Structures are given as structure tokens and as C-alpha cells.
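1. Got a predicted structure plus its sequence, pasted below:
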Amino acid sequence: MTEGGTRGGPVLSHLTSIVGRRGESTRPNFDIFPFATADRILKDVAPQVKVRICDAHCEASSEKIALGHFLDGRCSLVFGTHTHIPTADAKVTPAGTAYISDVGMTGPYDSVLGRRKDRVLHHMTTALPTPFDVATNDIRLCGVLAEVDETTGKATSIERIEIGKPAAVGIRTIVAGLRGYFCEDGCI
Ligand SMILES: [Fe+2]
């Protein structure tokens, strides 16, 4: 768990990183640890600190989604990290929390989670020890842009950012292809 910002004074924001169960599996109370930690940290943050940001660094999407619900209305932004794969579930909840299960990796996407695919495939198909060198192709920056009312701490919008993505294969072409495949009159 890491924290930034302050518990008082003029600073408006507070950043917290909550580590999920994968990092806490040796603790006897691991099932509730991220949730109890979030409660404890939020209790310590001064009321005048309105913009509260939580990095949910967890393996399981279920755990991040649950944490998002747990912090609904109590954080301005809850964003997931760790899986390296961006998710398409960015939303602002009715209670004013911007949420996404994973912002994705900033790094080479022509890879296996940033490592050279040939090296990872060699290891996975032979079980031989193989150095996982960092890949170099298709480098992208991923993240989110969230707008927050700093007087209330409530989020008003969230959108994914993905810089460096190669020109997509025409989505219309794919849809048209699917239509042609499934039904001649155009319905999928
Ligand atoms: Fe991680």
C-alpha cells in the first residue's frame, strides 16, 4: 500500500494504492484486507480533501469491481491496475465515482504482458527456463482521463486514453463481414 497527498492543509487530492489478495495471501485475514485497508485510509483523510483517488492493484477483476462498489461515492476515482490489459467498463457511478477495472499497460503490446512473445511461448511450450526480455514493438500509453468537481469530490466523466494504438482494422469491415457470414439480409 502506498499513499500520496496529505491528510490536511490545502492539498486537494489524496492517492492511495490498495494491493489485492494476491499480494496478501499469506495473511490470515486476506479476504478482507483490501477493504479494511481502504476503510482505514479513508478514515484518516481529512474531510477537506475532496479529491480521492484509489489505485486498485489486484489480480482478480472480481476483486477490483467489488472494491469499486465498496468505495462508491467515497472516492473520486477508482482505477484498476496490474493485469496489463485495458478494460472497456469505464463509468461514473450514480454516487459520483469514476471507475475502470484496469487502465491497461503502458508498454509494448506486441508481447505477452510486455515480454517478448517468442520467449514466453518457448517457456510455456517447453517448460524450460527462458529469460523474459522486454518486448519493443507496438508501444502504447494507456490510462484514463477523469473530470472531478474539486468542491465535492464527485466525478463527472471518465474516458480511456490509448496513445500509440496502430490504425485499427476497419471495424465497419469486420461488422460487414460478420453480417455477410451470419445472415444475407444484414442482421447478425
Ligand atoms: Fe502488479
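-> Nice, thanks for sending it over.
2. Hmm, Ser61 and Asp102 touching each other?
-> Yes: contact status for Asp102 versus Ser61: in contact at 7.4 Å, counting by CB atoms under 8 Å. C-betas here are computed from N, CA, C, even on glycine.
3. Those two: which has the busier surroundings?
-> Asp102 (21 against 15; other CB atoms under 10 Å).
4. Leaving out sequence neighbours, find the closest residue to that one.
-> On the basis of CB to CB, 6 or more residues apart in numbering, the spatially nearest residue to Asp102 that is not a chain neighbour turns out to be Gly80, at 4.2 Å.
5. do Ser76 as well
-> Closest residue in space to Ser76, ignoring its immediate chain neighbours: Val148 at 4.4 Å, by CB to CB, 6+ apart.
6. what bridges to that neighbour?
-> With DSSP bridges applied, Val148 shows beta-bridge pairing to Ala155.
7. list residues touching both of Asp102 and Ser61?
-> Common neighbours of Asp102 and Ser61 (criterion: CB atoms under 8 Å, 6 or more residues apart in numbering): 80, 83, 87.
8. and the gap between the second one and Glu59?
-> Spelled out, that is Thr83. According to CB to CB, to the nearest Å, Thr83 and Glu59 sit 7 Å apart.
9. More neighbours: which of the two?
-> The neighbour comparison of Thr83 against Glu59 (other CB under 10 Å) goes to Thr83, with 19 against 15.
10. isn't the more buried one right up against Ser61?
-> Yes: using CB under 8 Å, Thr83 makes contact with Ser61 at a distance of 7.4 Å.
11. sorry, back to before: can you list the shared contacts of Asp102 and Ser61 in a markdown table and add distance to Glu162?
-> Compiled in a markdown table, those are given as follows (distance: CB to CB, whole Å):
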| residue | distance to Glu162 |
| --- | --- |
| Gly80 | 16 |
| Thr83 | 15 |
| Thr87 | 12 |
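12. for these, which one is nearest His122?
-> Nearest to His122 among the shared contacts of Asp102 and Ser61, counting by CB to CB, is Thr83 at 22.7 Å.
13. Keeping just the C-alphas, turn stretch 48-64 into PDB.
-> As requested, the backbone C-alpha atoms of stretch 48-64 are provided in PDB (Å, rounded to 0.1, in the frame of the first residue of the first chain):
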ATOM      1  CA  GLN A  48     -11.400  19.000   3.300                       C
ATOM      2  CA  VAL A  49      -9.500  16.700   1.000                       C
ATOM      3  CA  LYS A  50     -12.200  16.100  -1.600                       C
ATOM      4  CA  VAL A  51     -10.400  14.500  -4.500                       C
ATOM      5  CA  ARG A  52      -9.600  11.000  -3.500                       C
ATOM      6  CA  ILE A  53      -8.000   8.500  -5.900                       C
ATOM      7  CA  CYS A  54      -7.600   4.800  -5.400                       C
ATOM      8  CA  ASP A  55      -5.300   2.500  -7.400                       C
ATOM      9  CA  ALA A  56      -6.800  -0.900  -7.000                       C
ATOM     10  CA  HIS A  57      -3.800  -3.100  -7.700                       C
ATOM     11  CA  CYS A  58      -5.300  -6.500  -7.900                       C
ATOM     12  CA  GLU A  59      -5.100  -9.700  -9.900                       C
ATOM     13  CA  ALA A  60      -8.800 -10.600  -9.900                       C
ATOM     14  CA  SER A  61     -11.300  -8.400 -11.800                       C
ATOM     15  CA  SER A  62     -14.000  -9.500  -9.400                       C
ATOM     16  CA  GLU A  63     -12.000  -8.000  -6.500                       C
ATOM     17  CA  LYS A  64     -11.500  -4.700  -8.300                       C
END
